[in-house]
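Enquirer: I'll drop the sequence and a predicted model, then ask my questions.
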Amino acid sequence: MKNKLVEQAKHEYTPRQRLIFLLFLAPVFLGLLPGLFLALGSSLDRWLQLPQIPTQPFNIILGAVLILPGGAFALWSIYRQYTIGRGTPGPLVATQQLVVQPPYTYCRNPMALGTILAYLGVSVLCRTPGGMAVVLLFSGLLLIYIKQVEEEEMILRFGPPYLAYKERTPFLIPHFTLKSNQKPPD
């Protein structure tokens, strides 16, 4: 499977083709998946008789605190893959260049992190703890896939530069470092 992904990744697409692919994926990630998570979460809430997350303003504030930066982080990542990497998040239209510019300097999977935060925020906004559980389950499966399949594919595609990047950049939890000429705040 990894060799098929590596072979597929060799094909470079035009900016127009990449944009069409992104427009095709957008409804899936912006509508279908969150809707599915909420539907499954609501069913789980009813089945386990889970209490709803506290109502306004708590759910609105916490939901926004998760959705806005999470969504921005994910979109920034996609933009960088499209412009610098000359690809998309989808393995069918893979990046042609290793992207090591922000937000990819903070963690190796900023798009996954941003998406997880945004989906958790939607669950909080809709007051469904079951939705949060479904998002966390999906996230765990996604991270296992990234660790076991995508990282191996990246090693095959980009070799030593990716290994060096992997060595210095955390997997998911970001680190924000100061530039060498900056001093930390007191």
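Expert: Structure's in. What do you need? Numbering: from 1, shown residues only.
Enquirer: and the residue nearest the centre of the chain, what are its phi and psi?
Expert: Closest residue to the average C-alpha location of the chain: A112 at 1.8 Å, with Cα atoms, centre = their mean. Phi and psi for A112, reported as degrees, to the nearest 10, are phi -60, psi -50.
Enquirer: Retrieve the pLDDT associated with it.
Expert: Looking at A112, its pLDDT is 98.
Enquirer: same check, this time on G90
Expert: Here, the pLDDT recorded for G90 equals 88.
Enquirer: Other residues contacting the helix-or-strand element of the chain with minimal mean pLDDT?
Expert: The least trusted helix or strand in the chain, going by mean pLDDT, DSSP states H and E, turns out to be helix 2-9, with a mean of 75. Under the criterion Cβ atoms under 8 Å, 6 or more residues apart in numbering, residues 87, 91-92, 94-96, 149, 152-153, 156-157 lie in contact with helix 2-9. Where C-beta positions appear, they are placed from N, C-alpha and C, glycine not excepted.
Enquirer: Now for Y79, how many residues are close by?
Expert: Neighbour count of Y79, defined by other Cβ atoms under 10 Å: 12.
Enquirer: pLDDT (mean, whole number) over stretch 155-167?
Expert: Summarised as a single mean, pLDDT over stretch 155-167 is 96.
Enquirer: before we move on, the earlier item: next structured bit after the least confident helix or strand of the chain?
Expert: Note on helix 2-9: by DSSP states H and E, the next helix or strand toward the C-terminus is helix 15-27.
Enquirer: for that following helix, which positions count as buried?
Expert: 18, 21-22, 25 (16 or more other Cβ atoms under 10 Å).
Enquirer: Max pairwise distance over these: which two?
Expert: Farthest apart among those by Cβ to Cβ are R18 and L25. That separation is 10.7 Å.
Enquirer: Can you check which residues contact both of the two?
Expert: Overlap between the neighbourhoods of R18 and L25 consists of T88, taking contacts as Cβ under 8 Å, 6+ apart.
Enquirer: okay, the angle between the longest helix along the chain and helix 15-27?
Expert: In the chain, with assignment by DSSP state H, the single longest helix is helix 58-83. For helix 58-83 against helix 15-27, the angle by axes from the mean of the first three to the mean of the last three Cα atoms, to 10 degrees is 160 degrees.
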